[in-house]
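> Fold the stuff below for me.
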Amino acid sequence: MQARAVRKHIRSSPLKMRRVINLVRDRSVPEAVAILDYMPQKVTGVVEKTIRSAVYNLMDQYDERFDEGALQLKEIRADEGPTFQRHQARARGRAAPIRKRTTHLKVVVAVEEEEPEEAAA
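This is a model prediction of the structure:
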C-alpha cells in the first residue's frame, strides 16, 4: 500500500529544499517528522505538511488498519518549477536579471511490509 502527495509552486529554490529532504530520505515517517521539527530552515514546514498529506491520503485510500510506525518514505523529490523573471535597475541605465525560483515537491509514503520469519531447519 502506498500513497503520494504533490505540492507545486513552492516559493523556495530546489537547492534549499534538497538540503532538507536529503536528511529525511529513506526514513520512517515518525522519525522524519521528528527530524524536521528541530531544523531551522523555513522549508521544513512545507516538507512536513506534504509528508502528513501523503499519510492522510494513505488513510483515506485504504480502509485497513496499519501501524503508523511502519510507514516509510519511499520517495521524496524536489524538482524545479517555473522561474519568475524580474529585473533590477543598475548603474548607467542597465538592468540585472533576478530569478525567483520555485519547486515542485513529491512525496510517496508506503506501509513497510513485515517479512515472515522462516522456521529454523
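> low pLDDT regions in this protein?
Within the chain, the stretches with pLDDT under 70 are 114-121.
> got the residue ranges for the strands in the protein?
Per DSSP state E, the chain carries strands over the ranges 2-10, 71-80, 84-89, 95-100, 103-111.
> what comes up buried for the first one?
Looking back up the chat, that one is strand 2-10. For strand 2-10, burial by neighbour count (16 or more other C-beta atoms under 10 Å) applies to 2-5, 7, 10. Any C-beta I mention is one placed from the backbone N, CA and C, and that applies to glycine too.
> Just name the most buried of the strands of the chain.
Among these, the stretch with the highest mean neighbour count (mean count of other C-beta atoms under 10 Å) is strand 103-111, at a mean of 21.
> Please name the residues that touch the most centrally placed residue in the chain.
When the chain is reduced to its mean C-alpha position, the closest residue under C-alpha atoms, centre = their mean turns out to be residue 47, at 4.4 Å. Residues in contact with residue 47 (C-beta atoms under 8 Å, 6 or more residues apart in numbering) are 17, 20-21, 24, 36, 76, 105.
> can you do 7 Å?
By C-beta atoms under 7 Å, 6 or more residues apart in numbering, the contact set of residue 47 is 20-21, 36, 105.
> What about the residues you listed, which one has the most neighbours?
Within the contacts of residue 47, residue 105 tops the neighbour count with 25 neighbours, counted by other C-beta atoms under 10 Å.
> who's in contact with the residue lying closest to it once chain neighbours are set aside?
Nearest non-adjacent residue to residue 105, counting by C-beta to C-beta, 6 or more residues apart in numbering: residue 7, 4.7 Å away. Listed by C-beta under 7 Å, 6+ apart, the contact set of residue 7 reads 46, 50, 105.
> The second one and residue 70, how far apart?
I take that to be residue 50. Distance of residue 50 to residue 70, computed by C-beta to C-beta, to the nearest Å: 20 Å.
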